[in-house]
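Chemist: here are the coordinates; sequence isn't available:
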Ligand SMILES: Nc1ncnc2c1ncn2[C@@H]1O[C@H](COP(=O)(O)OP(=O)(O)OP(=O)(O)O)[C@@H](O)[C@H]1O
Ligand SMILES: [Mg+2]
């Protein structure tokens, strides 16, 4: 193959140069740095261990009294000294899952809109707006929920749902506005910005040639988005959704303000409910008696374990996604 | 071979068309990348495009299946007629891309799909679901692209991303062949291949051009000389010379072409 660079005389003669005076940095600086880093890393580890240990120690009374049945008992009666966490587990898990069900499609819609459909001048504005929403303190969401969402649910959304789906057990009177469903809405609104902005970044990180590859096969714009972008980002998006779930599970203030705080298991989504985080926030300060306090601490322990589990799963997925992503960073030939 | 299933790769119902390009101009933003390119790409022949890096060869072939317009801020003017059909004025982009297949300069297999699904992706997009047909087309396409022997044992377990670069390139060729386009645009399809795979790809082009119209971008002049009836020389976004391959390489009309093919450029 004729090569263009080999034209005679075109190669510049190497110019003589003086040797570079390399200076070695001291070995001690290296050692000190590594020791400092190790200390930081270890102290994080120690904090987590300490946290779990303290929770275990303070929950020991409840752990001994109720054993595994603490998870399956549904009475919460300080007077009778009878405690069980099932209603709180139920409220926490169901409200968070419902929130995801609402938030995931909306978030992906927002992400795709910002990435692909939104006219360029508005793109940064919409992106900024999503990030702003993510930064609002949860008590503000709670206040908004109390003054806007709750009346809305009581007067319009609730009755409409009862009329339309009253034949199922999911939506029934009485409807006070404060309910599991209202909490799910608030949670959804709170996690949409996170899921939307992270999945938008994940989608933007997919190399453009993936979408081109799909288009070149005769695909429509939507097919190219689905196969060339969403499919490639799907593991990371799943991880992000789990991070959102983690946030929803632990959210306290906003939920406490709109969920009604009533420890009862009901199929009716319009009925008030209670979550692990809310009961801790509401009752910890006035818990009298060792068993009562210990039961609350055990609830905290359960919440911690659930969060660790969900977050661990999310991290693992994001990690797997970035590792897989390496396959996408192909070199130019 | 089962008689009820037509052999994949058998003669298409429609005869592959020619391509008439007239005064084609293309821009990236304000950069005027292609200038007034006019040429006729004959049907069922291979046409090679050569020229120094950055002269606009890729941009040109991407205008032939309306891929250029998918980039942000891009613009195309002029006309491209695919067998008489004006692809910009009178057709849907997706239909054109379905008829004019493309293998990109940089291999872009789908990393989340297996080798099998990569090749089958185009057919599935076009609604083919029958497993027997898919199986046959996948095998046939991979054989044509000289990749079958290397992947036949891991068709469904191996991802498109953990193939070698040259294998990825052949996978992309197989993926483009699977949908049986009428025109095939090959943008340096052998740039990452060893001599044996390269000659297999050249054999494939030789065989395919009896049925397909082929446009081949290459930096390898021997390759152009071996497989292409006609060759065009691009420089700075303009088509300097377009003629029979033999003529371009033995007796070019233009001084610039001669300088380029004799390596006296620059
Ligand atoms: N996406 C893009 N945005 C802006 N300019 C581009 C883009 N792609 C290509 N160009 C420019 O357009 C010109 C032609 O590029 P093109 O890719 O068509 O060259 P080429 O002939 O295919 O080169 P090579 O042989 O290196 O592949 C170049 O100057 C390049 O810098
Ligand atoms: Mg190119």
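Modeler: Sure, I can see it. Given the structure is predicted, the values throughout are model-derived calculations rather than measurements. Ligands and ions are numbered 1, 2, ... in the order given.
Chemist: Residue A:23 and residue A:34: what is the separation?
Modeler: Residue A:23 is 20 Å from residue A:34, where distance means Cβ to Cβ, to the nearest Å. To be clear about C-beta, it is placed using only N, CA and C from the backbone, and glycine gets the same treatment.
Chemist: who's more crowded, these two?
Modeler: residue A:34 (10 against 6; other Cβ atoms under 10 Å in any protein chain shown).
Chemist: Please, which helix or strand holds that one?
Modeler: helix A:27-66 (DSSP states H and E).
Chemist: pLDDT below threshold where in chain A?
Modeler: A:1-15, A:321-333 (pLDDT under 70).
Chemist: Give the closest residue to residue A:190 in space, chain neighbours not counted.
Modeler: Distances taken as Cβ to Cβ, 6 or more residues apart in numbering or on different chains put residue A:141 closest to residue A:190, at 5.6 Å, once the chain neighbours are dropped.
Chemist: mind pulling up the phi and psi values for the one you found?
Modeler: In terms of degrees, to the nearest 10, the main-chain angles of residue A:141 are phi -60, psi -40.
Chemist: That one and residue A:125: what is the separation?
Modeler: Between residue A:141 and residue A:125 the computed distance is 22 Å (Cβ to Cβ).
Chemist: what does residue A:149 give?
Modeler: Distance, residue A:149 to residue A:125, using Cβ to Cβ: 25 Å.
Chemist: Tell me how far residue B:87 lies from chain A.
Modeler: 13 Å (Cβ to the nearest Cβ, to the nearest Å).
Chemist: I'd assumed residue B:69 was in contact with that residue.
Modeler: No. In this structure residue B:87 lies outside contact range of residue B:69 using Cβ atoms under 8 Å: 10.8 Å.
Chemist: between those two, who's got more neighbours?
Modeler: Under the criterion of other Cβ under 10 Å, the comparison of residue B:87 against residue B:69 puts residue B:87 first, with 23 against 13.
Chemist: From ligand 1, how far off is that one?
Modeler: 19 Å (Cβ to the nearest ligand atom, to the nearest Å).
Chemist: how much space between that residue and residue B:125?
Modeler: Separation of residue B:87 from residue B:125 (Cβ to Cβ): 20 Å.
Chemist: who's in contact with whichever residue of the stretch 51-200 of chain A sits closest to chain B?
Modeler: Among the residues of the stretch 51-200 of chain A, residue A:120 lies nearest to chain B; the distance is 8.1 Å by Cβ to the nearest Cβ. The contact partners of residue A:120, by Cβ atoms under 8 Å, 6 or more residues apart in numbering or on different chains, come to none.
Chemist: Distance from the host helix or strand of residue A:299 to the middle of the chain?
Modeler: Counting by DSSP H and E, the element that carries residue A:299 is helix A:290-325. Averaging C-alpha positions (Cα atoms, centre = their mean, to the nearest Å) puts helix A:290-325 11 Å from its chain's average.
Chemist: and what of stretch A:16-30?
Modeler: Remark: stretch A:16-30 is offset 47 Å from the chain centroid, using Cα atoms, centre = their mean.
Chemist: which residues touch the closest residue to residue A:313 other than its chain neighbours?
Modeler: The spatial neighbour of residue A:313 that comes closest, neighbours along the chain excluded (Cβ to Cβ, 6+ apart), is residue A:242 at 5.5 Å. Contact analysis of residue A:242 by Cβ under 8 Å, 6+ apart lists A:310, A:311, A:313, A:314, A:317.
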